[in-house]
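Trainee: next come a sequence and a model predicted from it.
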Amino acid sequence: MGIVSPGFHGRRRESAVKLPPGQYLTEDFPVLSAGPTPRIPVEEWELTVTTETGRQHRWTWRELLDLPSETPRVDIHCVTKWSKLGTDWQGVSLDVLLADVDTAADFALVSSYGGYTTNLPLEDLLDGQAWIVYRYDGEELAPEHGGPVRLLVPHLYFWKSAKWLRGIDLLTEDEPGFWESAGYHDYGDPWREQRYQGD
Amino acid sequence: MARLTETRQETGTARTLVFDVPGWPGHLAGQHVDVRLTAADGYAAQRSYSLSAPDRVELSVQRIPDGEVSPYLTDVLGVGDPVEIRGPVGGWFVWRPGAGRDVLLVAGGSGIAPLMAMIRARRLAGRGTRFRLAYSTRTPGDVFYADELRRPEPGLDVTHVYTRVAPDGWPRPPGRLMAADLGDGPPDRDCFVCGPTGFVESAADLLLARGHDPRRIKTERFG
């Protein structure tokens, strides 16, 4: 237990549900990004997956929509301490997307239109744990929330769920992304409160 | 562990807090800290606040009426009381003296805090980097650091934008931030935009429309 702040009682809004440590519930959907919101027309959007051998796989917007989709309902947790429960998405499981990608890589470096990057172990993108999503709450994904397409990896802090998804590089060695290079944790498990380097 | 040493009322609903933090490693203008409050029974809550000064641990906290942490910091915490502070955090939304390029700061409401740290860092550095601040608040009474920003400072241009109520005789009618509020300097500047999400979205769009390089527009949002 930390030092007691005299006269602080707290509101304990989260007592009814189990949240990761340090998180509080929010009903709205805060926006966090490091720069201006890129606006990418769907006809220009393209996803490239590049393996460790340099082999490239590409999907256009139309090809993405033709893949079988899922509608995950998940809780999301931002490192800035808000959590949002029961969010509804539609998109393609990474298991589907990577099914025909031949790789021995252990890591993924995800990149966005606008220059953002974030890294994850490849296994955290597989086995039903991650999607690339293009709809939120029944609507097309808004640009400020990462539209037209973002990554969704709900079991990690939300900075790993890169907005404006553009590419995934499959790597044999881990390479830190944007926030990971700026002092944030390499993995980012909210339940272990891995916010910053050294957590 | 931090101890509150000094406070100043910024507005009717905002308070500036200065802390003594033994062993504080120093920080860059624009970085933030995590503040953690613990109740007597062990219940804890934490939030992030930007540092509003470059040379001491100073936070300016806007009270959110139904907030959990901010009303405690603005209304309850007393001089001498202990608080857990972790940081500094964040290495992106920062200004380093000597960066060289002219700077455009765009603040909405309490989003002025990290930008004020940059203005103060510029003053401390004594260098000639030109700064321009466009600061949007609802009314004149919502302006943080009002006296300090009113003092003339060579190389620093301050433009106030009032969205609801402007002072008598103010040349600009109340309304949302517009392109003209950002000045007419060339777009080859480092831009820092901080405020509520809707404000940051529209300000960043205005900067893009004026030809600013998206890679030089750094944003920080809250709410």
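Mentor: Happy to help now that I have it. Everything numeric here is computed off the predicted structure, so don't read it as measured data. Numbers count the residues shown, from 1 in each chain, chains lettered A, B, ... in the order given.
Trainee: hey, let's count contacts and neighbours off CA atoms from now on
Mentor: Fine.
Trainee: what residues does chain A have near chain B?
Mentor: A:1-11, A:22-24, A:30-37, A:80-81, A:114, A:144, A:182-183 (C-alpha under 8 Å from any C-alpha of the partner chain).
Trainee: which of those are buried?
Mentor: A:3-6, A:8-10, A:22-24, A:30-37, A:80-81, A:114, A:144, A:183 (16 or more other C-alpha atoms under 10 Å in any protein chain shown).
Trainee: and residue B:104, which helix or strand is it part of?
Mentor: Using DSSP states H and E, residue B:104 falls within strand B:103-108.
Trainee: follow-up on the earlier one: strands - which of the buried ones among the residues of chain A next to chain B land there?
Mentor: residue A:24 (DSSP state E).
Trainee: per-residue pLDDT of residue 142, please?
Mentor: No chain in the question, so chain A it is. pLDDT for residue A:142: 96.
Trainee: not quite, go with chain B.
Mentor: Per-residue confidence (pLDDT) for residue B:142: 97.
Trainee: check contacts around it.
Mentor: Going by C-alpha atoms under 8 Å, 6 or more residues apart in numbering or on different chains, residue B:142 touches B:11-12, B:109.
Trainee: which residue ranges of chain A form helices?
Mentor: Under the criterion DSSP state H, helices of chain A are mapped to A:61-66, A:94-97.
Trainee: can you say which of these is packed in most?
Mentor: helix A:94-97 (a mean of 17; mean count of other C-alpha atoms under 10 Å in any protein chain shown).
Trainee: kindly format the C-alpha coordinates of that helix as CSV.
Mentor: Backbone C-alpha positions of helix A:94-97 (Å, rounded to 0.1, in the frame of the first residue of the first chain) are rendered in CSV as follows:
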residue,chain,number,x,y,z
LEU,A,94,-5.2,-12.0,-37.5
ASP,A,95,-5.5,-15.8,-37.6
VAL,A,96,-7.3,-15.5,-41.0
LEU,A,97,-5.0,-12.8,-42.3
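Trainee: need the mean per-residue confidence for that helix.
Mentor: On average, helix A:94-97 scores 98.
Trainee: before we move on, what about stretch A:178-193?
Mentor: Here stretch A:178-193 scores 95 as its mean pLDDT.
Trainee: any buried residues in it, and which?
Mentor: A:178-181, A:183-190, A:193.
Trainee: just give me the closest of those to residue A:63.
Mentor: residue A:178 (28.6 Å; C-alpha to C-alpha).
Trainee: my guess is that closest one contacts residue A:112. True?
Mentor: No - here residue A:178 lies out of contact with residue A:112, judged by C-alpha atoms under 8 Å, at a distance of 10.7 Å.
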